[in-house]
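Novice: Predicted coordinates and the sequence they were generated for:
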Amino acid sequence: MSLFRSDHDANYRQVYNWDVSKIEPQVAFPHLPSNTKPVSQCSGVKINQSVIGSCTNGRIEDMRVAAKILKGKKIHRDLRCIILPGTQEISIQMIKEGLTEIFIRSGAVVSTPTCGPCLGGHMGILAEGERSIATTNRNFVGRMGHPKSEVYLSNVGVAAASAIAGRIISPEDL
C-alpha cells in the first residue's frame, strides 16, 4: 500500500523502482546524520548505551519492533538502555499491549515522554569516551553529553539488537 497516490492522469518524466529489501540497515556515525555506513561495517563498535524512542521517533510501531527483539532477552550487562515513548498516549498503549513489561524485564529503563538524553538534558548523559546508539535524529558533537562522547544513529531494530549485544549489530545477527 502506498502512502502517496498520484492523480490518475499524472505524467512522469521518469519512473524509478528500487528493491529496498536488498538495502542493508544504515548507521549514522559521529558526528553527522549523513555520515552513514551499512550496519555490517559497524560490528566492532562497542556501545555503552542504547536510546530507543524520543519525541520524534517514539511511535507505537517502533515500540512494537523493539519489544519483539527484546522479549525474553536481557540488555547487555555493561550497557544502559532507555526507552522513550513519543507521547503519553503511546505510553498508555505500551502498557495496554504489555510492551512496558517486556522492556522492564529485559533490563531497560522506561521513561515518561520527555526531552532527555537526545539533547543532553538529563537521563543517559554520556561521559567522556562513551558511545550511544540512538533512534533520535541528531548526533552532533556533545549532543548527548560530553564533547568527546559519540552518538550513532540507527533504526529501532538495530538499536534494540545492539542493546542486547553490547555492540552495534543487525537484528539478523542475534
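Specialist: Structure's in. What do you need?
Novice: For the closest residue to T112 other than its chain neighbours, give its distance to V110.
Specialist: By the measure of C-beta to C-beta, 6 or more residues apart in numbering, the closest residue to T112 outside its immediate chain neighbours is S91, 6.4 Å from it. Heads up, the C-betas are built off the backbone N, CA and C, glycines and all. S91 is 8 Å from V110, where distance means C-beta to C-beta, to the nearest Å.
Novice: Likewise for I102?
Specialist: From I102 to V110 the distance is 10 Å (C-beta to C-beta).
Novice: And the helices in this protein?
Specialist: Taking DSSP state H as the test, the helices found in the chain are 60-70, 88-97, 99-106, 156-165.
Novice: Any chance of these in TSV with distance to F29, mean neighbour count and mean pLDDT as columns?
Specialist: What follows is these, written out as TSV (distance: least, C-beta to C-beta, whole Å; neighbours: other C-beta atoms under 10 Å; pLDDT from 0 to 100):
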stretch	distance to F29	mean neighbour count	mean pLDDT
helix 60-70	21	20	97
helix 88-97	29	15	97
helix 99-106	26	19	98
helix 156-165	13	26	97
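Novice: want to throw these into a markdown table with distance to V141?
Specialist: Shown next, in a markdown table, are those (distance: least, C-beta to C-beta, whole Å):
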| stretch | distance to V141 |
| --- | --- |
| helix 60-70 | 26 |
| helix 88-97 | 30 |
| helix 99-106 | 30 |
| helix 156-165 | 21 |
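Novice: Quick one, which of the ones you listed gets closest to R77.
Specialist: Closest approach to R77 among those is made by helix 156-165 (10.7 Å; C-beta to C-beta).
Novice: Which strands or helices does the closest one pack on?
Specialist: If you count contacts as 3 or more C-beta pairs under 8 Å, 6 or more residues apart in numbering; DSSP states H and E, helix 156-165 packs onto strand 49-53, helix 60-70, strand 131-134.
Novice: Return the distance of the longest one from the chain's centre.
Specialist: So that's helix 60-70. 10 Å (C-alpha atoms, centre = their mean, to the nearest Å).
Novice: Report all helices and strands that it contacts.
Specialist: strand 49-53, helix 88-97, helix 99-106, helix 156-165.
Novice: quick revisit: what's the overlap in contacts for S91 and V110?
Specialist: Common neighbours of S91 and V110 (criterion: C-beta atoms under 8 Å, 6 or more residues apart in numbering): 85, 100.
Novice: give the contact list for the residue nearest to L174 when sequence neighbours are not counted.
Specialist: Distances taken as C-beta to C-beta, 6+ apart place A161 nearest to L174, at 5.3 Å, with adjacent residues excluded. Taking C-beta under 8 Å, 6+ apart, we find A161 in contact with 69, 169-171, 173-174.
Novice: make it 10 Å
Specialist: 25, 39, 50, 66, 69-70, 73, 133, 154, 167-174 (C-beta atoms under 10 Å, 6 or more residues apart in numbering).
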